[in-house]
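1. Got a sequence here, can you build the structure:
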Amino acid sequence: MTSVILSGDNERLSHGATIIDDCVRYISSNLDKDISVEQLAKEFSLSPYYFSRLFKQETGVSPHKYLVMVRLDFSRYILRTSNLTIKETAFRCGFNSESNFCTRFRSTFGMTPQEFRKSI
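-> Numbering: from 1, shown residues only. Below is the predicted model of the structure:
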């Protein structure tokens, strides 16, 4: 009887990891869109609360924090490899304003996007 419970738990954990893997791919493919935890949960037919718990359990960070981290990492790539303006970079990475982007970038990397671009 115990092995059946453990087997069921393993299947559930495996299913949860698959959902989060799919979610991570979805985020990467939709960085420029307005994405919320509620929308992600709905996309994967889960409650926002359960989705957030599952996401953090599988990745170690909240869905929102993960989304911001991926957007900021992508912004560094764009700043290194293109001539897009800071504003264009912000919107390409899914930030709703240049100011919000610059504030988050500076708090994460200790320099503004412009300073980062000049340091390359």
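2. Double-check L40 against S52; I have them as touching.
-> No: the criterion here is CB atoms under 8 Å, and L40 misses it with S52 at 9.1 Å. For every residue, glycine as well, the C-beta is placed using N, CA and C.
3. Compare those two (neighbour count), which wins?
-> Using other CB atoms under 10 Å as the criterion, L40 and S52 rank with L40 on top: 22 against 18.
4. Now do the phi/psi pair for the more buried one.
-> Phi and psi for L40, reported as degrees, to the nearest 10, are phi -60, psi -50.
5. what do L40 and S52 both touch?
-> Contact criterion CB atoms under 8 Å, 6 or more residues apart in numbering; residues shared by L40 and S52: P63.
6. which regions of this structure lie under the pLDDT threshold?
-> For the chain, the stretches with pLDDT under 70 are 1-15.
7. Do a quick rundown of the strands in it.
-> Assigned by DSSP state E, the strands in the chain number zero.
8. Now do the helices in it.
-> Secondary structure of the chain (DSSP state H): helices at 2-29, 37-43, 48-59, 63-81, 86-92, 98-109, 113-118.
9. any idea how far S52 is from S62?
-> In this view, S52 and S62 are 6 Å apart by CB to CB, to the nearest Å.
10. what is in contact with the two at once?
-> Taking CB under 8 Å, 6+ apart as the criterion, S52 and S62 both touch V37.
11. List the contacts of F91.
-> Residues near F91 by CB under 8 Å, 6+ apart: D32.
12. any idea how far it lies from D32?
-> 7 Å.
13. List the residues that are in contact with both of the two.
-> With CB under 8 Å, 6+ apart as the test, F91 and D32 reach no residue in common.
14. Tell me who's in contact with L67.
-> Per CB under 8 Å, 6+ apart, neighbours of L67: 27, 35, 94.
15. Most neighbours out of those, which is it?
-> Neighbour max across the contacts of L67 (other CB under 10 Å) = G94, 20 neighbours.
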